[in-house]
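**Q** kindly generate the corresponding structure for this input.
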Amino acid sequence: MLTYLLLIITLYLAGNVYIFIRAAQTLKVKPLGVKILLTVLFWICALSLFGTMLARNLEMSVFISHSMYIIGTSWLIFTLYMALFLLLFDILKLFKVVCKYRFYLSLVFTLGLLGYGMYNYYHPEINVVSILTNKQNGDTSHAVKIVAISDVHLGNGTGKASLKKYVEMINAQHPDLILISGDLIDNSVVPLYTENMAEELAELKAPMGIYMVLGNHEYISGIDESIRYIKNTPIQLLRDSVVTLPNGIQLVGRDDRHNRKRSSLQELMANVDKIKPIILLDHQPFNLKETEAAGIDLQFSGHTHHGQIWPINWMTDYIFEQSHGYRQWGNSHVYVSSGLSLWGPPFRIGTHSEMVVFNFQ
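**A** Residues are numbered from 1 along each chain as shown. Modelled structure (predicted):
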């Protein structure tokens, strides 16, 4: 993990150096004062990513913390696409295809792509999936309507205003049951208290309840603080535990892989009646053949974000046996959500934010 993090930081800094060199070459005829000003602004933006991470647990005004976070994380994606476009022009130059305005064109293309990504992010999809099992619960007169979400990442990126829209979006479906597959919290619980986000979470409505499992970001935020916060909301936390709903559906909630001592799926299934319907919540979608072998009817996971942006989605497709969407494994139905919100920059490029509605019968 540390090696992976160091690699990302190295590539990020190298990308910024590359962009800065190309910018300096383009702006060499500009007055010295202009070049100094732009240099200072450039490196403030480039280094703000580290500042926002170091300050994640500090109490400050919502405007300042939100602005720092958006600038710092957005610059990460700006660096990726700006460097890619500049590199493309440099490759074309090797083949004697020279563009005089390649830096400005790269900038326009990058900003245009980020604009599209921001619009796409703020318009999440509602994906409806019908799940038919060969088991019966106590009440078979109608399907159970389940709204399932993951990776909301409440904090400096996804604030109270966004949460309010998400709550309205969920309640508009009139769900019987709400399931949250981890990463409700982003990097710290401090912004959740600052903006009193529990006030919005209290507006979630589902007669059969609201259930959640932990994700890796609850651990990043401080597991004790995260659990304490969740317990002050209507959300019922499943942590290596099983609950049977009044209609007979059994919810199995696994702790996140961050907990090295979490129970195995086999251990949890010892407390389950396999004749009745079983729904598994597990934040990270690994070892899905175990899900099939255990006789799970429906597994709902998140974590992958489907990469958030291209070409990172290619990486998640490679890492995970199922990185997004619906797939049936034998008699088990598995859905991996790309997330209702996301970590960091507010862009969806090549992927979509989503809320899933299961008609479970």
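
**Q** which element, helix or strand, includes residue 299?
**A** Using DSSP states H and E, the secondary-structure element containing residue 299 is strand 298-301.

**Q** again with residue 267
**A** helix 265-269.

**Q** work out the gap between that helix and the centre of the chain.
**A** 27 Å (CA atoms, centre = their mean, to the nearest Å).

**Q** low pLDDT regions in this protein?
**A** 1, 136-141 (pLDDT under 70).

**Q** all strands of it, in order?
**A** 125-131, 144-149, 177-181, 210-213, 236-237, 241-244, 250-253, 278-281, 298-301, 325-329, 332-336, 354-360 (DSSP state E).

**Q** a markdown table for those strands, including mean neighbour count?
**A** Heads up, the C-betas are built off the backbone N, CA and C, glycines and all. Rendered in a markdown table, the data for these read as follows (neighbours: other CB atoms under 10 Å):
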| stretch | mean neighbour count |
| --- | --- |
| strand 125-131 | 14 |
| strand 144-149 | 23 |
| strand 177-181 | 26 |
| strand 210-213 | 24 |
| strand 236-237 | 18 |
| strand 241-244 | 16 |
| strand 250-253 | 23 |
| strand 278-281 | 25 |
| strand 298-301 | 26 |
| strand 325-329 | 14 |
| strand 332-336 | 24 |
| strand 354-360 | 21 |
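
**Q** make CSV from those strands and add distance to residue 309 to it.
**A** Rendered in CSV, the data for those read as follows (distance: least, CB to CB, whole Å):
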stretch, distance to residue 309
strand 125-131, 16
strand 144-149, 20
strand 177-181, 21
strand 210-213, 26
strand 236-237, 31
strand 241-244, 35
strand 250-253, 30
strand 278-281, 26
strand 298-301, 20
strand 325-329, 17
strand 332-336, 17
strand 354-360, 15
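
**Q** packing partners for the helix holding residue 267?
**A** helix 288-294 (3 or more CB pairs under 8 Å, 6 or more residues apart in numbering; DSSP states H and E).

**Q** so what touches the helix it packs on?
**A** Residues outside helix 288-294 that contact it (CB atoms under 8 Å, 6 or more residues apart in numbering) are 265, 266, 269, 280, 299, 321, 322, 329, 330, 331, 332, 334.

**Q** and the third one, what does it touch?
**A** Translated: residue 269. For residue 269, the set of contacting residues under the criterion of CB under 8 Å, 6+ apart consists of 252, 294, 295.

**Q** can you rerun that using 7 Å?
**A** Remark: with contacts taken as CB atoms under 7 Å, 6 or more residues apart in numbering, residue 269 is in contact with residue 294.

**Q** likewise the second one?
**A** With contacts defined as CB under 7 Å, 6+ apart, the neighbours of residue 266 are residue 294.

**Q** ok, it to residue 295 distance?
**A** 11 Å (CB to CB, to the nearest Å).

**Q** the strand holding residue 299 pairs with which strands?
**A** Sheet partners assigned to strand 298-301 using DSSP bridges are listed as strand 278-281 (parallel), strand 332-336 (parallel).

**Q** and of these, who's closest to residue 343?
**A** strand 332-336 (16.1 Å; CB to CB).

**Q** quick one, the closest one and strand 125-131 angle?
**A** The directions of strand 332-336 and strand 125-131 differ by 170 degrees, with axes from the mean of the first three to the mean of the last three CA atoms, to 10 degrees as the criterion.

**Q** which residues are in contact with strand 332-336?
**A** Outside of strand 332-336, the residues that reach it under the criterion CB under 7 Å, 6+ apart are 129, 131, 285, 288, 291-292, 296-302, 304, 322-327, 356.

**Q** now the angle between strand 325-329 and that strand, please.
**A** Between the direction of strand 332-336 and that of strand 325-329, the angle (the same axes, to 10 degrees) works out to 160 degrees.

**Q** strand 332-336: how far from the chain's middle?
**A** Strand 332-336 sits 18 Å away from the centroid of its parent chain (CA atoms, centre = their mean).

**Q** just stretch 352-361 next, same as before
**A** Centroid separation between stretch 352-361 and its chain, computed with CA atoms, centre = their mean, is 16 Å.

**Q** what sits up against that stretch?
**A** Under CB under 7 Å, 6+ apart, the answer for stretch 352-361 is 120-121, 124-132, 143-149, 169-170, 173, 298, 335, 337-342.

**Q** and the residue lying closest to residue 181 once chain neighbours are set aside, backbone torsions?
**A** Beyond its immediate neighbours in the sequence, the residue positioned closest to residue 181 (CB to CB, 6 or more residues apart in numbering) is residue 150, lying 3.9 Å away. With angles defined as degrees, to the nearest 10, residue 150 shows backbone torsions of phi -150, psi 160.

**Q** can you tell me how far residue 150 is from residue 337?
**A** With the distance defined as CB to CB, residue 150 ends up 5 Å from residue 337.

**Q** who has more neighbours out of the two?
**A** Counted by other CB atoms under 10 Å, residue 150 and residue 337 do not tie: residue 150 has more neighbours, with 32 against 25.

**Q** the more buried one and residue 182 touch, don't they?
**A** Yes: with contacts defined as CB atoms under 7 Å, residue 150 counts as touching residue 182 at a distance of 6.0 Å.
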